[in-house]
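Q: sequence and predicted structure are below.
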Amino acid sequence: MLLTLVVFSPLAGAALVALLPREEVRGIRRAALAFALVTLVLSLEMLRRFQVGVASFQMAEQVAWIPQWGIEYRLGVDGVSLFLVLLTTVLTPIVVLASWGDIHRRVKEFFAFLLVLETGMLGTLVALDMFLFYVFWEVMLVPMYFLIGVWGGPRRIYAALKFVLFTMAGSLLMLVAILYCAWRVPGTTSFAYETWLARLALSPRDQLWLFAAFALAFAIRCRSSRSTPGSPTRTSRRRPAARSSWRACCSRWGPTASSASRCPSSRARWRRRRRSWSPSPSPASSTARWWRRCSPT
């Protein structure tokens, strides 16, 4: 029950924030911060209950959801996901506090979407049913679309649509991989991750294609944070809340997460300098030395 409270307490906070009057900006901010702190306290209790040295998933919760398809509501935490959950619950109150003096337009909607985003991130970290994992994965897409489209930069509508199209393309690859693994379980159809580990037998060729599907889905979501022109990491240098929530969402998936925080990329920066023939960058860089050799005297 504890994991369910950790995952869905931000969603309850989002529902409460959505019901508050739009004019009560101070109350909306305090309510969002309160629910973010409640989630943090629950995650600290989860840390206290965690038993070091136990190899299996702990604090597991399991309820039949769609039994005819082998889909269950199954949650659990291990030593890796435990600290990722703590990272998420620590970052969210910081993002809420950072946005108090930064977000002045549609404040209620911003905090509601931010709390829904936290629920999606927490759900992906503790889901042990792969279909449930995919649901939480797609839940993250909805608030991020509105966070980019409403509070993004000058090209935010284009950026939001591009983010959705790219991410949905990668998500379809992941869905195909999940369905294939579920149907390949001997004797039954199961989406349980532990069942996959124990009973799923795949050829090296199948493993390669499945790895490529999952890796591409993760990489597309991380890469889109860098390539989308209106995303918070590229256009909202004065919006630490939007930028921090975007980085927190993207930094969990795939090896390209480190590129999500580079704003803007060095390649785009060089293209702008070349068009405008601006002064050279730092003298210590190799680009500056090349610039001095090629520039007219």
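A: Sure, I can see it.

Q: tell me the SS of the residue lying closest to L200 once chain neighbours are set aside?
A: Counting by C-beta to C-beta, 6 or more residues apart in numbering, the nearest residue to L200 once its immediate chain neighbours are dropped is V185, at 5.8 Å. For every residue, glycine as well, the C-beta is placed using N, CA and C. The three-state label given to V185 by DSSP: H, G, I helix; E, B strand; the rest coil is coil.

Q: low-confidence regions, the stretch 1-150 of the chain specifically.
A: Within the stretch 1-150 of the chain, no range satisfies pLDDT under 70.

Q: just the helices in it please.
A: Taking DSSP state H, counting those that start in this stretch as the test, the helices found in the stretch 1-150 of the chain are 2-19, 25-49, 79-98, 107-126, 130-151.

Q: quick one: closest of those helices to M174.
A: M174 sits nearest to helix 130-151 of all the helices of the stretch 1-150 of the chain, at 6.7 Å, using C-beta to C-beta.

Q: and that closest one with helix 2-19, angle?
A: 30 degrees (axes from the mean of the first three to the mean of the last three C-alpha atoms, to 10 degrees).

Q: pretty sure I220 is touching L165, no?
A: No - judged on C-beta atoms under 8 Å, I220 makes no contact with L165 at a distance of 10.1 Å.

Q: which of the two has more neighbours?
A: Legend: neighbour count by other C-beta atoms under 10 Å for I220 and L165, higher for I220 (22 against 10).

Q: apart from its chain neighbours, what residue comes closest to the more buried one?
A: G170 (3.4 Å).

Q: what is the burial count for the one you found?
A: Applying other C-beta under 10 Å, I find that G170 has 23 neighbouring residues.

Q: so it is in which element?
A: helix 156-183 (DSSP states H and E).

Q: buried sites along the helix or strand just after that helix?
A: The helix or strand immediately downstream of helix 156-183 is helix 193-199, counting by DSSP H and E. Applying a neighbour-count criterion of 16 or more other C-beta atoms under 10 Å, one finds 193, 195-196 buried in helix 193-199.

Q: swap in stretch 130-148?
A: 130-141, 143-148.

Q: ok, stretch 9-16 next?
A: Neighbour-count burial for stretch 9-16 [16+ other C-beta under 10 Å]: 9-11, 13-14, 16.

Q: ok, stretch 171-186 next?
A: Per 16+ other C-beta under 10 Å, stretch 171-186 contains these buried residues: 171, 173-175, 177-178, 181-182, 184-185.

Q: cool, and stretch 89-99?
A: So, applying 16+ other C-beta under 10 Å, buried residues of stretch 89-99: 89, 91-93, 95-96, 98-99.

Q: just the CA atoms of that stretch, as CSV, please.
A: C-alpha atoms of stretch 89-99 as CSV (Å, rounded to 0.1, in the frame of the first residue of the first chain):
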residue,chain,number,x,y,z
THR,A,89,10.5,13.2,-4.7
VAL,A,90,13.4,15.5,-3.7
LEU,A,91,13.4,17.3,-7.0
THR,A,92,9.7,18.0,-7.2
PRO,A,93,9.5,20.3,-4.1
ILE,A,94,12.6,22.1,-5.4
VAL,A,95,10.8,22.7,-8.7
VAL,A,96,7.7,23.9,-7.0
LEU,A,97,9.6,26.4,-4.9
ALA,A,98,11.7,27.5,-7.9
SER,A,99,8.5,28.3,-9.8
